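Asker: Build me a structure from this.
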Amino acid sequence: QVQLVESGGGLVQAGGSLRLSCVASGHTLSNYAMGWFRQAPGKEREFVAAITWNSFSTRYADSVKGRFTISRDDAKNTVYLQMNSLKPEDTAVYHCAADRRYYRTTEARGDYDYWGQGTQVTVSS
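Answerer: As a prediction, the model looks like this:
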């Protein structure tokens, strides 16, 4: 069982930056591909970014390409999401997730095996 805990959310003005962290316990993250998803009020949870176990491959939603960067530090058992040039439409609860198929990046929610509780990101205009 993998426990995931996100942090780093908060309130930021449009154009600002935040870095989210996702720390794992119970298992080493190096055995998993990792993803970030977000869910705004009244909307479905949507894919944001994903990274393979060795960081060789990453994938991004079109809406965040060029603004967000996913990375990982397996020595710290942590995955990051650097978010720049934030927009009000980025406002959501952000969740990290772990995929046992460590070699792939996938956008499908059902492909992920473990989820964190999320951290709130609010971008004011």
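Asker: Please report how far the residue nearest the centre of the chain lies from residue 96.
Answerer: Among the residues of the chain, residue 36 comes closest to the average C-alpha position under C-alpha atoms, centre = their mean, at 2.3 Å. Residue 36 sits 6 Å away from residue 96, taking C-beta to C-beta, to the nearest Å as the criterion. For every residue, glycine as well, the C-beta is placed using N, CA and C.
Asker: Between these two, which contacts overlap?
Answerer: Taking C-beta atoms under 8 Å, 6 or more residues apart in numbering as the contact rule, residue 36 and residue 96 both touch 20, 22, 79, 81.
Asker: quick one: the residue nearest to the centre of the chain and residue 20 touch, right?
Answerer: Yes. Using C-beta atoms under 8 Å, residue 36 makes contact with residue 20 at a distance of 7.2 Å.
Asker: Spell out which residues are contacts of both of those two.
Answerer: In contact with both residue 36 and residue 20: 81, 94, 96, using C-beta under 8 Å, 6+ apart.
Asker: Could you dump those residues into TSV and include pLDDT?
Answerer: Output for those, formatted as TSV (pLDDT from 0 to 100):
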residue	pLDDT
81	98
94	98
96	98
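Asker: Much appreciated, bye for now.
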